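In: Let me see the structure of the following:
(one chain, ligands or ions: 1)
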Amino acid sequence: MPDDPLPSNWPSSVIYTARPILSPHFPPDQLQYINRLATTPTHTIRSLPPLPLCKHPKDLVRIKLITQPEHPANGQNGLFAVRKVEGGCKVIDYVGVVHSRTLSATASSSSSANHHPYEESDYDLSLIRCMSVPPPTPSTTNPKPEPVLVDIGIDAAKHGNAARMINDYRGIAPKPNCEFRQVWDAQSGWARMEVWTIAGAAGAGGLRKGEEVLVSYGKGFWAARTS
Ligand SMILES: C[S@@+](CC[C@H](N)C(=O)[O-])C[C@H]1O[C@@H](n2cnc3c(N)ncnc32)[C@H](O)[C@@H]1O
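Out: Modelled structure (predicted):
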């Protein structure tokens, strides 16, 4: 029995998942950064509550193929409101593979030593970035290990939900109508990323029926793809 039926217009090339997937390479000692219940080093993925189920909100949004030649993502998919949604409302969770890497606080993040496969993904979203001091290990001669940057993301390139269809507002609308918000799941303690409508002044903002859901990917996304 699947967790959630496939949303309509789901592309066959991508595996639909309504539950975040923890990468098999996720370091167990970093679970504490993505789950508030993981307070001791003895916690393992099995001893924590399951990653939350994020059912497709079919009363709010649907995937649609874009067929307007003037749309910059013509021929691709987008996510569209099926009814009016007020400003300041949750629209959908961003679901994919949760992965992590540690970066040296001193080395450049573009150095090849820090390269990882998710960097090239067009569906990768930053979830948590924080500084961490690794505990000294018996083999460590240096009693004061260097702090490192823990960089945790969600990649929906191969496994994801309908939020992976959300386009950037540039070239489509004057500004985004939605934004990403990092939240903590109250029951399971897991960090998650949600998409919310932006509230405008005096009750403005939100989505009209049929309007495309648009966020800002940030200038860095496009800068990395034009240089
Ligand atoms: C996260 S995906 C968005 C969903 C994508 N349209 C699809 O069908 O899978 C990001 C990709 O969508 C396209 N895209 C999103 N917003 C765009 C925009 N404003 N202008 C041009 N292409 C855009 C780019 O190809 C980008 O790499």
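In: what about the closest residue in space to residue 103 that isn't next to it in sequence, neighbour count?
Out: Closest residue to residue 103 apart from its sequence neighbours, by CB to CB, 6 or more residues apart in numbering: residue 149 at 4.3 Å. Heads up, the C-betas are built off the backbone N, CA and C, glycines and all. If you count neighbours by other CB atoms under 10 Å, residue 149 ends up with 16.
In: swap in residue 160?
Out: 24.
In: Are there helices or strands packed against the helix ranked longest in the chain, and which ones?
Out: The residue-count maximum for a helix in the chain (DSSP state H) belongs to helix 219-226. The contact analysis (3 or more CB pairs under 8 Å, 6 or more residues apart in numbering; DSSP states H and E) places helix 219-226 against no helix or strand.
In: May I see the buried residues of that helix?
Out: In terms of neighbour count (16 or more other CB atoms under 10 Å), helix 219-226 has no buried residues at all.
In: what do you get for stretch 195-210?
Out: With the criterion 16+ other CB under 10 Å, stretch 195-210 contains buried residues 195, 196, 197, 198, 205, 206, 207.
In: again, but for stretch 183-192
Out: Counting neighbours by 16+ other CB under 10 Å, stretch 183-192 gives 185, 188, 189, 190, 191, 192 as buried.
In: Which members of the residues you listed additionally contact the ligand?
Out: Near the ligand, taking CB under 6 Å from any ligand atom as the test, no member of the buried residues of stretch 183-192 is found.
In: Inside strands: which ones of these?
Out: 191, 192 (DSSP state E).
In: In TSV, list the buried residues of stretch 183-192 along with pLDDT.
Out: Shown next, in TSV, are those (pLDDT from 0 to 100):
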residue	pLDDT
185	95
188	95
189	97
190	97
191	98
192	96
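In: just the buried residues of stretch 183-192 now: which is nearest residue 16?
Out: Among the buried residues of stretch 183-192, residue 192 lies closest to residue 16 (CB to CB), at 17.4 Å.
In: mind listing what the closest one touches?
Out: 20, 52, 54, 93, 94, 182, 183, 184, 185 (CB atoms under 8 Å, 6 or more residues apart in numbering).
In: how about the strands in this structure?
Out: Counting by DSSP E, the strands of the chain are 15-16, 21-22, 61-65, 77-81, 90-94, 97-104, 124-132, 148-155, 159-160, 167-168, 178-184, 191-197, 214-215.
In: Give me the mean pLDDT for the last one.
Out: Predicted confidence along strand 214-215 averages 98 (mean pLDDT).
In: List the contacts of that strand.
Out: By CB under 8 Å, 6+ apart, strand 214-215 touches 166, 167, 168, 169, 172, 173, 176, 177, 178, 179, 180, 195.
In: Of those, which are in range of the ligand?
Out: Restricting these to those near the ligand - CB under 6 Å from any ligand atom - leaves 167, 168, 172.
In: In contact with the first one, which residues?
Out: Counting by CB under 8 Å, 6+ apart, residue 167 touches 73, 76, 78, 79, 212, 213, 214, 215.
In: how far away is residue 54 from residue 118?
Out: Residue 54 sits 20 Å away from residue 118, going by CB to CB, to the nearest Å.
In: Please say which of these two ends up with more neighbours.
Out: Ranked by neighbour count (other CB under 10 Å), residue 54 and residue 118 place residue 54 first, with 22 against 19.
In: Next up, the contacts around the residue nearest to the more buried one when sequence neighbours are not counted.
Out: Nearest in space to residue 54, with sequence neighbours left out and distances taken as CB to CB, 6+ apart, is residue 93 at 3.7 Å. Going by CB under 8 Å, 6+ apart, residue 93 touches 52, 54, 161, 163, 192, 193, 194, 195.
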